[in-house]
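Asker: Sequence plus predicted model, see below.
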Amino acid sequence: MRKIYISLFLVFIFCAQNEVIEEPINSESTITESTTSNEETSTTSSTLEIVQLESFENVEFIVQKEKSVVGYLAPKQFLNSGLDIVEGTTREIIGSFTLTLSECDQADSCLYVKDLKIKADISTLKSNNVIRDQAMNNQWLQSALFPEAIFTIDELVLPNKDFDSKVEDTIVGKLTIREIELDTPFSISAYLDGNQIFISGITEIDTTWFGFDAPTKFNAWEVLNPIGIKVELVAKRNN
């Protein structure tokens with residue numbers, strides 16, 4: 001598996017065969033713009049002061065879809081020029097998980113995660129090109145037939161320093177796309193503030209792992225594997 005680059009939680013994919021060819025954009029500036037846009041949705045977590053928390057047990061958190069986003073970053077190589085980074089996102093996300101923060105043998109404290117399940121409707125992914133989005137639904141990703149991308153973790157222990165409100169680590173869960181389930185690592189950063197937790201994560205996948213080739217248009221462009229998947233989640237305490 002290619003190296004995972006830290007950027008958050010979850011996403012996904014691709015360009016259209018019949019798409020109108022866009023002018024190539026310098027990849028470095030495009031990635032910077034995508035990162036800047038992404039940071040605008042998660043500035044709350046990055047500017048909060050790290051504090052020490054009181055222990056708690058079996059608290060359920062529910063994903064707030066209006067504050068969350070899942071998206072993909074697809075490198076698109078123009079055969080006669082440069083590289084572009086295509087981005088698509090959706091806020092159609094549901095999910096929940098249970099957290100416990102307490103003492104443990106592995107560190108000063110540990111964050112215990114149970115019954116995590118995040119589900120995104122990838123048929124609603126939108127980029128800046130309607131033709132591309134339609135082709136992704138009907139041809140490449142076939143998200144019209146397989147609209148759900150699901151990430152699950154049954155149990156997970158994350159070592160934590162002295163009950164800090166922030167955790168950075170790599171987690172591994174089961175990612176399901178097109179009804180194909182694979183163990184997938186995400187590099188994540190999570191921050192608990194009051195009754196909300198902010199989670200950012202990123203990973204890379206190869207489209208062939210989930211049963212389809214990366215899009216290409218003969219003598220024009222091709223999408224390069226791996227594809228980046230990123231998530232920005234806000235979840236609220238349920239009690």
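Answerer: Good, I have the coordinates.
Asker: correct me, but Leu111 touches Leu158?
Answerer: Yes: here Leu111 lies in contact with Leu158, judged by Cβ atoms under 8 Å, at a distance of 4.4 Å. For every residue, glycine as well, the C-beta is placed using N, CA and C.
Asker: Mind listing the shared neighbours of the two?
Answerer: Val167 (Cβ atoms under 8 Å, 6 or more residues apart in numbering).
Asker: Okay, helices next: where are they in the protein?
Answerer: Remark: helices assigned in the chain by DSSP state H are 27-40, 43-47, 130-135.
Asker: between these, which gets the lowest average pLDDT?
Answerer: Between those, the one with the least mean pLDDT is helix 27-40; it has a mean of 40.
Asker: Next one: the spatially closest residue to Leu73 that is not a sequence neighbour from Pro159, what distance?
Answerer: Take Leu73 and drop its neighbours on the chain: the residue closest to it by Cβ to Cβ, 6 or more residues apart in numbering is Gly228, 3.6 Å away. Distance check for Gly228 against Pro159: by Cβ to Cβ, to the nearest Å, it reads 27 Å.
Asker: Could you check which of those two has the larger neighbour count?
Answerer: Shown here are Gly228 and Pro159; by other Cβ atoms under 10 Å, Gly228 has more neighbours (23 against 14).
Asker: what's the pLDDT at that one?
Answerer: At Gly228, the pLDDT value in this model is 97.
Asker: and if you look at Asp115?
Answerer: 98.
Asker: where in the chain is pLDDT low?
Answerer: Residues of the chain meeting the criterion pLDDT under 70: 1-48.
Asker: got the residue ranges for the strands in it?
Answerer: 56-63, 69-78, 83-90, 93-102, 109-121, 148-160, 166-177, 180-193, 196-205, 216-217, 221-223, 227-237 (DSSP state E).
Asker: okay, those strands in a markdown table with distance to Ile131 next?
Answerer: Converted to a markdown table, the strands of the chain look like this (distance: least, Cβ to Cβ, whole Å):
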| stretch | distance to Ile131 |
| --- | --- |
| strand 56-63 | 30 |
| strand 69-78 | 14 |
| strand 83-90 | 12 |
| strand 93-102 | 25 |
| strand 109-121 | 20 |
| strand 148-160 | 22 |
| strand 166-177 | 22 |
| strand 180-193 | 26 |
| strand 196-205 | 24 |
| strand 216-217 | 12 |
| strand 221-223 | 13 |
| strand 227-237 | 19 |
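Asker: Select, out of those, the one closest to Leu141.
Answerer: strand 166-177 (8.0 Å; Cβ to Cβ).
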